[in-house]
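Engineer: Pasting the sequence and the predicted coordinates here, then a few questions.
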Amino acid sequence: MDYMMEEKEEFVPLNWDSLITNEGVWEVIKEELDKLSPYCMMTIITAAKGEGLSDKQIFKPMTKEVEVEYEEMEEADPFGDTTKEE
């Protein structure tokens, strides 16, 4: 049974308090956080809500709304008008 204990990987916990204070490391952490499973994300969101954070504090705004103008296009028959006499 000792051989099974040797095969088990042991991980050293990270010092998150130190890592998040470094700007370069924090940027990489934020990129990697986007790859978390939906379950992990919901756990984080639930904890944030439990701490009283608002939606604006939890979620990053998607994008600014941009006004888009559309030009009217004539209805076109892709096969040509077959009703015209030549």
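Structural biologist: Perfect, I can see it now. Numbers count the residues shown, from 1 in each chain.

Engineer: Off-centre distance for stretch 30-49?
Structural biologist: With C-alpha atoms, centre = their mean, to the nearest Å as the basis, stretch 30-49 stands 9 Å off its chain's centre.

Engineer: can you check stretch 60-69 too?
Structural biologist: 17 Å.

Engineer: show me where this protein has strands.
Structural biologist: Counting by DSSP state E, no segments of the chain form strands.

Engineer: got the contact list for the longest helix anywhere in it?
Structural biologist: Secondary structure of the chain per DSSP state H: the longest helix is helix 38-50. The contact list for helix 38-50 (C-beta atoms under 8 Å, 6 or more residues apart in numbering) reads 36, 57, 58. All C-beta spots, glycine's among them, are computed from the backbone N, C-alpha and C.

Engineer: residue contacts, the first one?
Structural biologist: Contacts for residue 36 were tallied using C-beta under 8 Å, 6+ apart; they are residue 44.

Engineer: That one and residue 52: what is the separation?
Structural biologist: Using C-beta to C-beta, to the nearest Å, residue 36 is found at 22 Å from residue 52.

Engineer: And for the last one?
Structural biologist: With distances defined as C-beta to C-beta, the gap from residue 58 to residue 52 amounts to 11 Å.

Engineer: Next: residue 39.
Structural biologist: From residue 39 to residue 52 the distance is 23 Å (C-beta to C-beta).

Engineer: Which one's more surrounded, residue 58 and residue 52?
Structural biologist: Neighbours were counted for residue 58 and for residue 52 using other C-beta atoms under 10 Å; residue 58 has more, 13 against 7.

Engineer: For the more buried one, which non-adjacent residue is closest in space?
Structural biologist: Distances taken as C-beta to C-beta, 6 or more residues apart in numbering place residue 48 nearest to residue 58, at 4.9 Å, with adjacent residues excluded.

Engineer: could you pull out the helices for this protein?
Structural biologist: 2-7, 16-19, 23-33, 38-50, 55-58.

Engineer: Point out where this protein drops to low pLDDT.
Structural biologist: Applying pLDDT under 70 to the chain flags the ranges 1-8, 66, 72-86.

Engineer: Find the centremost residue of it, please.
Structural biologist: Central residue of the chain (C-alpha atoms, centre = their mean): residue 34, 4.6 Å from the mean position.
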